[in-house]
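In: based on what follows, work out the 3D shape:
(2 chains)
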Amino acid sequence: MEPLELFLMTLVTGIMVGGIYALVALGWVLIYKCSGVLNLAMGEMTLIGAYVSLTFYSMGVPFLLALLISLIIGFILGILTERIFLDKLIGEPVLSVIMVTVGLSFFFKGVVELIWSTDTKVFTPAVFSIEPLKFGPIIVGEVYLWSFIAAIILLVIFVCFFKYTRWGLAMQACADDEMAALSIGVSARFVYAAAWAIAFMAAGVGGTLLGNINGLNISVGYLGLLVLPAVVLGGLNSVPGAIVGGIAIGVLQNLSGVYLDRYFPGAVKDIAPFVFMAIFLLFKPYGLWGWERIERV
Amino acid sequence: MSTTFLPCGDYHQGYAEDHAWFQTKFIKGKMIALFLVLFVFIPISYWGSIFQSAFNIDNYWFSLIIRYISVFGADEYWISVFNMVGYTILGALGVQLLIGYCGQLTLGHGAFIAVGAYTSTLLILEFPWPEFMITLGLAYPVSIFIAGIMAGLFSVLFGLPSARVKGFYLILTTMAAQFILVDFVITQYVSQIGGRGQAFSLPPGTIKIGPWLIDNNYKVYFFMLILVILSCIIISNLVRTRVGRAWVAIRDNDISAEVMGINVIKYKLLAFFVAGFIGGITGSFWISNLAAISPEHFPWFLSLWLVGVILIGGVGSIHGAIFGSLFMVVIMELLQLAVIPLADTYPKLLMDFLFIKEATFGLAICGFLIFEPNGMAYRWWQIKNYFNLWPFSY
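Out: Predicted coordinates for the structure are as follows:
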């Protein structure tokens, strides 16, 4: 293959996978923006959504309907999680909240493994055809293309939701200044619950799309960790940052998988985002568009 | 919550008394009793067999007595559980130092334990030790020390971003340490050294401290006890010196600490070094218990587990690390013991035990953080005070 073609193809694949990362990263940023919770259970949330839609799909439900069901279940689970665990921790130190989400991630993971075991499962019959699509010299798998399109559509829906609906505006108000939002009659508890529900739903879609690419097993939950470099890159509380960060991490991962693997054989692809993130943090600790926090004694 | 209230009538008359290890005769007696239990009663069957072989007694009655006494001690299985507890305590102490005393959140401590374990193993297996050091049994002790320093240096390397970032961002860089060191460097490169494949096995007879060959669970137990006691003493002394006070100041408010003239970066990195050092020693201790070490022994789960342990035990106290380790390890063992009888009727349960364990651990962390955010050490402190101040608690 020509070097240029290889580069372009890697780039395109990276962008498309990055679209899925962006979707999950958006859910993450949403929770952080609204309630200040740093959610390390994102990976397990993607797993749950993906497994639910897979279960319904293999029961014969049409794919879109199965996705819808997983969205509804994600919505319910999100509200339950917030009410049972996170609601009691408002105002606690950051470590407690992070560790509760770590605890949640263990709990979710254990439950997922108990219910669906650890073997790799695939969507049968395949949702997307295996035939790759050709755009001139660039070859792209259909799954990637559809995932990207779905991710973009959902991103647009999310952005519209925030800009134009009453709920979305309430969430933005709450993120901006919780005290002010409370004083004009926004229910913070409602906003937190909504944020978790939406994050759970976004994670479910992301997980379902990823599960269509390589089959579904527990390691898809690793995605939840890849979201962290993405949000750090974009800035913790920036929605466009999450999108750019997600796509950038997808591209970076694929490029390093192709070009660096020669020099450092092994799992370069998996750790490149983290190395990048560790170095990036040294120079720009608040990401590209994150709010710089000014501290006072 | 660092000071315990003294019973009515006990007064301190000087600075030295205020900081004494054993502040009252009762505490002294209590500690001696604890040491007796730890060193004599728990491994009593080991002492019995030592006694028997030392005096060459081949008496029916004597061995019967030994066997009856041994019932009160711990058997081989529980000794191995206690070894696990000790390993967790040693690991958790390093995390406690970083999170509880210096306020630097870390989720990558398992990586430094792995660095220690691998440094020690590689030194034993690959380093051309002079003959006299092997015969004197110095190879392993020296390798423990070097492993500690090595892990400390790596810890400092990944703690460097703490100069600029804190809180959540620091969690990310320490997480990166776990993925870079264990999943990449150790799995892909270090494991290839010597062409042994994925697992490094230590030939019997190499784990030797002086003339003392560590080859069974009881000996690992004594080794563990000595290490745990030593590191508890070192840490509790460290945190009441200038260094420890500086750490606590940084934890409480790093900007104020800087204003007061504390070199924040220096002390943060020092905390990372000490925590990494303890982590390295933990790792090189643990190889005495493992037949073969492989990267799977140091997953990210280990790092999270250690943080969970100190959260359950209580952040900011050495008691917390000990209580948390005891609680988590023993609870998990009891859970396993409860599962085994059920396994006959539900064979799937035994297979799924790992997952149940994971889910329980997660729920335990959530439950403790929600209902008992100060951890078990706080309860212990309350109980102690209750009895010290009884009957007039004012």
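In: can you report phi and psi for A:Thr165?
Out: With angles defined as degrees, to the nearest 10, A:Thr165 shows backbone torsions of phi -100, psi 160.
In: so what's the residue count around it?
Out: 11 (other C-beta atoms under 10 Å in any protein chain shown). All C-beta spots, glycine's among them, are computed from the backbone N, C-alpha and C.
In: residue contacts, it?
Out: The contact partners of A:Thr165, taken as C-beta atoms under 8 Å, 6 or more residues apart in numbering or on different chains, number zero.
In: with the one 10 residues further on instead?
Out: Neighbour list for A:Ala175: A:33-34, A:237 [criterion: C-beta under 8 Å, 6+ apart].
In: scan these and report the most crowded one.
Out: Counting neighbours by other C-beta under 10 Å, the one among the contacts of A:Ala175 with the most is A:Cys34, which has 26 neighbours.
In: that one contacts A:Ala170, correct?
Out: No: when contacts are counted by C-beta atoms under 8 Å, A:Cys34 is not listed as touching A:Ala170 (9.6 Å).
In: need the residues touching each of the two.
Out: A shared contact of A:Cys34 and A:Ala170, defined by C-beta under 8 Å, 6+ apart, is any residue touching both; here these are A:Val191.
In: in the chain, where's the longest helix?
Out: Assuming you mean chain A. Longest helix in chain A, counting residues (DSSP state H): helix A:3-35.
In: chain B was what I was after
Out: The helix spanning the most residues in chain B, taking DSSP H as the definition, is helix B:318-342.
In: excluding its backbone neighbours, what's nearest B:Glu126?
Out: B:Gly194 (6.1 Å; C-beta to C-beta, 6 or more residues apart in numbering or on different chains).
In: the one you found contacts B:Ile124, doesn't it?
Out: No: using C-beta under 8 Å, B:Gly194 is not in contact with B:Ile124; the gap is 11.6 Å.
In: what about the residue in the stretch 101-250 of chain B positioned nearest to chain A, how many residues nearby?
Out: Of all residues in the stretch 101-250 of chain B, B:Gln188 sits closest to chain A, with a separation of 3.5 Å (C-beta to the nearest C-beta). B:Gln188 sits with 16 neighbouring residues when counted by other C-beta under 10 Å.
In: would you confirm that it contacts A:Ala267?
Out: Yes: applying C-beta under 8 Å as the test, B:Gln188 and A:Ala267 come out as touching, 6.8 Å apart.
In: hmm, the longest helix of chain B in reach of chain A?
Out: No: applying C-beta under 8 Å from any C-beta of the partner chain, one finds that helix B:318-342 is not in contact with chain A, the shortest distance being 12.3 Å.
In: elements contacting that helix?
Out: In terms of contact count using 3 or more C-beta pairs under 8 Å, 6 or more residues apart in numbering or on different chains; DSSP states H and E, helix B:318-342 is assigned the packing partners helix B:76-95, helix B:217-238, helix B:300-313, helix B:347-351, helix B:353-371, helix B:375-389.
In: any idea which of those scores lowest on pLDDT?
Out: Sorting the helices and strands packed on helix B:318-342 by mean pLDDT places helix B:347-351 lowest, at a mean of 72.
In: contacts for that one, please.
Out: Against helix B:347-351 from outside (C-beta under 8 Å, 6+ apart): B:339-340, B:342-343, B:356.
In: tell me the secondary structure at A:Gly290.
Out: With DSSP: H, G, I helix; E, B strand; the rest coil as the basis, A:Gly290 sits in coil.
In: what's the closest non-adjacent residue to it?
Out: Skipping the residues right next to it in sequence, A:Gly290 comes nearest to A:Gly235 by C-beta to C-beta, 6+ apart, at 2.7 Å.
In: and if you look at B:Val40?
Out: According to C-beta to C-beta, 6+ apart, the nearest residue to B:Val40 is B:Trp47 (6.6 Å).
In: am I right that that neighbour sits in a helix?
Out: Yes: secondary structure assignment (three-state DSSP) places B:Trp47 inside a helix.
In: on that earlier part again, quick one: buried residues of the longest helix of chain B?
Out: In terms of neighbour count (16 or more other C-beta atoms under 10 Å in any protein chain shown), helix B:318-342 has its buried residues at B:318-329, B:332-333, B:339.
In: so for the longest helix of chain A, what gets flagged as buried?
Out: For helix A:3-35, a neighbour-count test (16+ other C-beta under 10 Å) marks A:9-35 as buried.
In: same check, this time on stretch B:298-306
Out: Across stretch B:298-306, burial judged by 16+ other C-beta under 10 Å covers B:298, B:300, B:302-306.
In: cool, and stretch B:221-232?
Out: The neighbour-count check on stretch B:221-232 (16+ other C-beta under 10 Å) flags B:221, B:223-225, B:227-228, B:231-232 as buried.
In: and stretch B:160-171, by the same measure?
Out: By 16+ other C-beta under 10 Å, the buried positions in stretch B:160-171 come out as B:161-162, B:165-171.
In: quick check: end-to-end length of that stretch?
Out: Distances were taken as C-alpha to C-alpha, to the nearest Å; on that basis the terminal residues of stretch B:160-171 are 12 Å apart.
In: that one and chain A in contact?
Out: Yes: contact of stretch B:160-171 with chain A is found when judged by C-beta under 8 Å from any C-beta, involving B:160-161, B:164-165, B:167-169, B:171.
In: can I get these in a markdown table with distance to A:Glu178 and pLDDT?
Out: What follows is the residues of stretch B:160-171 next to chain A, written out as a markdown table (distance: C-beta to C-beta, whole Å; pLDDT from 0 to 100):
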| residue | distance to A:Glu178 | pLDDT |
| --- | --- | --- |
| B:Leu160 | 34 | 85 |
| B:Pro161 | 29 | 81 |
| B:Arg164 | 28 | 77 |
| B:Val165 | 24 | 77 |
| B:Gly167 | 19 | 73 |
| B:Phe168 | 18 | 75 |
| B:Tyr169 | 22 | 79 |
| B:Ile171 | 23 | 83 |
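In: and those, which two are furthest apart?
Out: With distance counted by C-beta to C-beta, no two of the residues of stretch B:160-171 next to chain A lie farther apart than B:Leu160 and B:Phe168, which are 17.1 Å apart.
In: isn't B:Tyr140 right up against B:Lys208?
Out: Yes: using C-beta under 8 Å as the test, B:Tyr140 is close enough to B:Lys208 to be in contact (5.7 Å).
In: which of these two has more residues huddled nearby?
Out: Between B:Tyr140 and B:Lys208, counted using other C-beta under 10 Å, B:Tyr140 has the larger neighbour count: 23 against 20.
In: still on that earlier bit, next, format the buried residues of stretch B:221-232 as a markdown table and append distance to chain A.
Out: As requested, the buried residues of stretch B:221-232 are exported to a markdown table (distance: C-beta to the nearest C-beta, whole Å):
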| residue | distance to chain A |
| --- | --- |
| B:Tyr221 | 29 |
| B:Phe223 | 31 |
| B:Met224 | 26 |
| B:Leu225 | 29 |
| B:Leu227 | 27 |
| B:Val228 | 24 |
| B:Ser231 | 23 |
| B:Cys232 | 23 |
